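A.B. asks: give the three-dimensional model of this entry:
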Amino acid sequence: MTEYDWPVAEFDPIRRLRVIAASTPGTSIRETVMAAPLAAVWAVASDLEGELPRWLFPDIATMRVTPAGDSDRLVARAVGHSGLRARFDVVLRPGWCLMQSRFLLGGMAATDEGGATRFAFLGGFRGPLRLLSPASRPISARVGERALRRLAERVDERAL
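C.D. replies: Numbering: from 1, shown residues only. Okay, the predicted model is just below:
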């Protein structure tokens, strides 16, 4: 058998999240560059139980995370102040997090930018709720921008 050297295209976490956003109807992606090292940003972003409820959505009261087999696979259960509940399948790796529930898709990615950190946040609807996406795009944009601001604030607060 002859061996071939096939070309390999490696994407960094931000590019992977952009591909998911571009290929998944009903999602929106927001990016920012934070003047903090990748380790500091990811320490806040990847703390799904302690920090995520503080910066992502004001309605999240608690987020409980349990292992789901592989070392990077988790199950997260979110409970909102309004009583809404959601179960998410999660893949969490350094610089990468993808979460999906029955009706929601979320993702985070981070890369080093020479001492600063580029951070991307993806959110959107899945299943039948995808039909709401065109009408909800302006709201999604505001929610994403607000979440990025709160994340940057939490990173700054933890640096003090």
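A.B. asks: how about the lowest-mean-pLDDT helix or strand in the chain: buried residues?
C.D. replies: Within the chain, confidence by mean pLDDT, DSSP states H and E is lowest for helix 133-159 among all helices and strands, at a mean of 84. For helix 133-159, the neighbour count (16 or more other CB atoms under 10 Å) marks S133, S136, S140, V143, G144, A147, L148, R150, L151, A152, R154, V155 as buried. C-beta coordinates here come from the backbone N, C-alpha and C atoms, glycine included.
A.B. asks: of all those, which comes closest to G50?
C.D. replies: R154 (10.1 Å; CB to CB).
A.B. asks: how far away is the closest one from S82?
C.D. replies: Going from R154 to S82 by CB to CB, to the nearest Å gives 22 Å.
A.B. asks: repeat for T111
C.D. replies: Counting by CB to CB, the gap between T111 and S82 amounts to 34 Å.
A.B. asks: who's more crowded, the two?
C.D. replies: T111 (17 against 8; other CB atoms under 10 Å).
A.B. asks: what's across from that one in the sheet?
C.D. replies: R118 (DSSP bridges).
A.B. asks: that one against D12, yeah?
C.D. replies: Yes. The pair T111 / D12 is scored as a contact, 5.1 Å apart, by CB atoms under 8 Å.
A.B. asks: where in this protein is pLDDT low?
C.D. replies: 1-2, 128-138 (pLDDT under 70).
A.B. asks: can you show me the helices along it?
C.D. replies: Using DSSP state H, the helices of the chain run over 13-23, 38-45, 52-55, 133-159.
A.B. asks: how about these in TSV, adding distance to Y4?
C.D. replies: As requested, those are exported to TSV (distance: least, CB to CB, whole Å):
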stretch	distance to Y4
helix 13-23	25
helix 38-45	35
helix 52-55	44
helix 133-159	41
